[in-house]
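**Student:** Here's a sequence, model it:
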Amino acid sequence: MKLSIIVPVYNEEKTIEKVIRELKKLRFKKEIIVVDDGSTDTTPKILKKLKGIKVITHEKNLGKGAAIATGIKHAKGDAVLIQDADLEYKPKDIPKMLKALEKFNADAVFGYRFLRRKGKRLLLHDFGNIFLSFMTSLLFLRSIPDMETGYKLIKRKFLENLKLRAKRFEIEPEITAKLLKQKCKIKFIPIKFEARGFEEGKKIRIWDGIIALLTLLKLRFSSRL
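**Tutor:** As a prediction, the model looks like this:
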């Protein structure tokens, strides 16, 4: 199985090189697709120096969802994984996610963050994540312990059918809701997660949580994917 790893990046000069280095260490068939979403720091210069990756550039910042959609269009692998560029998620967890995909004959594997997390405790964000996961479970009648996780490994044939429209962070509920509407088999496994604070560049805000909830409600009661 070949894995397409999509790395959406916006102003992550402090971590992008290390992320790519860690991804390259993984010993399985893969392609690394970096979508530079209009970075204004030194991220573009760093990416030009890195070998063994495919870089796609947005001329202006369009949002994480738009960057993921661009990456999917260029993905050639049998499955696709989204890798944030800030190192909150650890590439060492990817091999066990791939194993779970095959072992459980799943259509998607999501990383569950709340068992093995470190770093800053952003209590409002934690509450928001738990609440949104609860609402997802309630709306779609499926047990979804971590809907907002950024580590989503999905077979490409399902991902391409989702017709993703989200431009920003509402991409997470959109992907999850549309997979659930397709009756896809999603397996959750624990991963390491090291949260960073706003002073370290964390971009998601309270308003994004409200939009996520509205996205879930809209997709639950919409007849279209």
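
**Student:** Point out where the protein drops to low pLDDT.
**Tutor:** For the chain, the stretches with pLDDT under 70 are 115-124, 196-205, 223-225.

**Student:** hmm, who's touching the host helix or strand of Arg21?
**Tutor:** Assigned by DSSP states H and E, Arg21 belongs to helix 16-24. Helix 16-24 has contacts (C-beta atoms under 8 Å, 6 or more residues apart in numbering) with 5, 7, 9, 12, 30, 32, 34, 43, 46-47, 50, 52-53, 83, 85-87, 90-92. C-beta coordinates here come from the backbone N, C-alpha and C atoms, glycine included.

**Student:** now that helix: how far from the chain's centre is it?
**Tutor:** Chain-centre distance of helix 16-24: 16 Å, with C-alpha atoms, centre = their mean, to the nearest Å.

**Student:** Tell me the buried residues in the helix of greatest length in the chain?
**Tutor:** Selection of the longest helix in the chain by residue count, based on DSSP state H, yields helix 123-140. Applying a neighbour-count criterion of 16 or more other C-beta atoms under 10 Å, one finds His125, Gly128, Asn129, Leu132, Ser133, Met135, Thr136, Leu139, Phe140 buried in helix 123-140.

**Student:** Spit out the contact partners of the spatially most central residue of the chain.
**Tutor:** With distances taken as C-alpha atoms, centre = their mean, Gly150 lies nearest the centre of the chain, 3.4 Å away. For Gly150, the contacting residues are Ile82, Asp84, Glu88, Tyr89, Gly111, Glu172, by C-beta under 8 Å, 6+ apart.

**Student:** What of Gly128?
**Tutor:** Contacts for Gly128 were tallied using C-beta under 8 Å, 6+ apart; they are Glu148, Ile206, Gly209.

**Student:** returning to what we had before: kindly reformat the buried residues of helix 123-140 as TSV containing distance to Gly71.
**Tutor:** Shown next, in TSV, are the buried residues of helix 123-140 (distance: C-beta to C-beta, whole Å):
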residue	distance to Gly71
His125	25
Gly128	26
Asn129	24
Leu132	24
Ser133	25
Met135	27
Thr136	24
Leu139	27
Phe140	26
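
**Student:** which one of those residues is nearest Lys218?
**Tutor:** Proximity of the buried residues of helix 123-140 to Lys218 (C-beta to C-beta) peaks at Leu139, which lies at 10.7 Å.

**Student:** on that earlier part again, which of the buried residues of helix 123-140 sits closest to Glu194?
**Tutor:** Using C-beta to C-beta, His125 comes nearest to Glu194 of the buried residues of helix 123-140, at 13.6 Å.

**Student:** Asp146: what's it in contact with?
**Tutor:** With contact taken as C-beta under 8 Å, 6+ apart, Asp146 is in contact with Phe110, Gly111, Tyr112, Arg113, Phe114, Asn129, Ser133, Phe188.

**Student:** Sort out for me which of these are in helices.
**Tutor:** If you go by DSSP H, those have Asn129, Ser133 in helices.

**Student:** List the residues that contact the nearest residue to Ile189 once chain neighbours are set aside.
**Tutor:** Nearest residue to Ile189 in three dimensions, chain neighbours excluded: Ala100, at 5.1 Å (C-beta to C-beta, 6 or more residues apart in numbering). For Ala100, the contacting residues are Ala106, Val109, Lys187, Ile189, by C-beta under 8 Å, 6+ apart.
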